[in-house]
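Novice: no sequence on this one, just coordinates:
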């Protein structure tokens with residue numbers, strides 16, 4: 001009983017921090033650069049597991065692997081669940097083992113996009129193998145109506161792709177099991193990404209005439225990221241003109257270079 005009370009107290013203290021750690025891992029997994037984990041974080045180590053009078057010497061002692069992968073009686077269920085979730089997030093970048101469509105997370109170029117929700121940051125990430133749209137948001141961000149693909153000004157900073165993406169380009173939420181898709185639309189001279197319940201509704205969508213086909217994109221609660229991957233299904237849109245996707249490389253490179261350059265970003269701020 002004493003051990004049960006100790007475990008429950010330990011979980012109550014540590015779990016909020018582990019939840020925040022998972023959200024940080026999610027965000028790092030879609031950002032440019034290499035995400036790293038400090039040794040022991042994956043096992044919920046805090047540095048206070050072993051009593052010590054010296055707080056600096058106390059930081060990080062033996063990593064308690066048994067909490068996540070030990071025998072019965074050694075494992076702590078909430079640490080085991082946390083460990084599995086953390087590993088699943090890290091697997092996103094190991095595209096040779098999971099899904100090559102996610103390879104831009106490891107080595108893709110990055111172009112910022114704008115959304116109609118100030119609590120959501122959108123990025124177009126691409127390489128030779130795939131194209132992704134990654135969203136970073138708070139767990140309570142709510143919903144999105146659209147993502148603007150075209151080049152435009154977000155404050156003083158130029159974001160988006162000049163010329164946008166071709167109408168008929170489709171993306172799908174990697175966690176979505178149903179028929180819902182995200183399709184590029186040309187609406188009143190602007191390229192946007194909208195959500196539709198099916199490919200058929202996307203094909204039949206006409207700006208100003210069939211607004212009921214569009215769905216709000218409800219952002220998942222308890223999660224900090226959403227990843228949309230390009231799917232092979234595409235068509236020549238009934239609205240707008242299909243474009244050659246080869247123009248993306250040059251435009252994306254120039255736009256991302258302009259946005260990510262430190263001097264330009266400081267000037268914009």
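Specialist: Cool, got the structure. What you see is a predicted model; the values in this text were computed from it and never measured.
Novice: can we go C-alpha only for contacts and neighbour counts from here?
Specialist: Noted.
Novice: ranges for the strands of the stretch 101-250 of the chain?
Specialist: 109-115, 120-126, 131-137, 143-144, 147-148, 152-154, 157-159, 170-173, 181-187, 190-196, 214-215, 217-218, 225-230 (DSSP state E, counting those that start in this stretch).
Novice: quick one: strands adjacent to the second one?
Specialist: Spelled out, it's strand 120-126. For strand 120-126, the paired strands and their directions (DSSP bridges) are strand 109-115 (antiparallel), strand 131-137 (antiparallel).
Novice: Save those strands as a markdown table, and put in mean neighbour count and mean pLDDT too.
Specialist: Output for the strands paired with strand 120-126, formatted as a markdown table (neighbours: other CA atoms under 10 Å; pLDDT from 0 to 100):
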| stretch | mean neighbour count | mean pLDDT |
| --- | --- | --- |
| strand 109-115 | 23 | 89 |
| strand 131-137 | 24 | 93 |
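Novice: which parts of stretch 24-44 are buried?
Specialist: Using 16 or more other CA atoms under 10 Å as the test for burial, stretch 24-44 gives 25-31, 35, 40-44.
Novice: among those residues, which are in helices?
Specialist: 25-30 (DSSP state H).
Novice: Next, count neighbours for residue 189.
Specialist: Counted with other CA atoms under 10 Å, residues neighbouring residue 189 total 9.
Novice: give me phi/psi at it?
Specialist: Per-residue torsions, residue 189: phi 80, psi 10 (degrees, to the nearest 10).
Novice: Show me the shaky parts of this protein.
Specialist: For the chain, the stretches flagged by pLDDT under 70 are 1-3, 47-62, 95-98, 153-156, 209-212, 232-269.
Novice: follow-up on the earlier one: and residue 228, which of the strands paired with strand 120-126 is closest to it?
Specialist: strand 131-137 (5.1 Å; CA to CA).
Novice: for stretch 181-190, which positions count as buried?
Specialist: So for stretch 181-190, counting by 16+ other CA under 10 Å, buried means 181-186.
Novice: ok so, going back, take the strands of the stretch 101-250 of the chain and write them to JSON lines, including distance to residue 63.
Specialist: Output for those, formatted as JSON lines (distance: least, CA to CA, whole Å):
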{"stretch": "strand 109-115", "distance to residue 63": "36"}
{"stretch": "strand 120-126", "distance to residue 63": "35"}
{"stretch": "strand 131-137", "distance to residue 63": "31"}
{"stretch": "strand 143-144", "distance to residue 63": "40"}
{"stretch": "strand 147-148", "distance to residue 63": "43"}
{"stretch": "strand 152-154", "distance to residue 63": "45"}
{"stretch": "strand 157-159", "distance to residue 63": "43"}
{"stretch": "strand 170-173", "distance to residue 63": "36"}
{"stretch": "strand 181-187", "distance to residue 63": "43"}
{"stretch": "strand 190-196", "distance to residue 63": "45"}
{"stretch": "strand 214-215", "distance to residue 63": "47"}
{"stretch": "strand 217-218", "distance to residue 63": "39"}
{"stretch": "strand 225-230", "distance to residue 63": "29"}
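Novice: Just put the strands paired with strand 120-126 in TSV and tack on distance to residue 124.
Specialist: Output for the strands paired with strand 120-126, formatted as TSV (distance: least, CA to CA, whole Å):
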stretch	distance to residue 124
strand 109-115	5
strand 131-137	5
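Novice: Would you mind saying which of those strands lies nearest residue 92?
Specialist: strand 131-137 (12.4 Å).
Novice: Residues contacting the closest one, please?
Specialist: Residues outside strand 131-137 that contact it (CA atoms under 8 Å, 6 or more residues apart in numbering) are 27, 30, 101-102, 104, 119-126, 171, 223-230.
Novice: Can you say which of these are buried?
Specialist: By 16+ other CA under 10 Å, the contacts of strand 131-137 give 27, 30, 101-102, 104, 120-126, 171, 223-230 as buried.
Novice: so who does residue 106 touch?
Specialist: 32-34, 93-94.
Novice: Need the distance between the two termini of stretch 139-159.
Specialist: Distance between the two ends of stretch 139-159: 24 Å, counting by CA to CA, to the nearest Å.
Novice: same thing with stretch 25-34?
Specialist: First-to-last residue span, stretch 25-34, CA to CA: 11 Å.
Novice: Now residue 81. Nearest residue, chain neighbours left out?
Specialist: In space, and not counting its chain neighbours, residue 81 is closest to residue 68: 7.9 Å by CA to CA, 6 or more residues apart in numbering.
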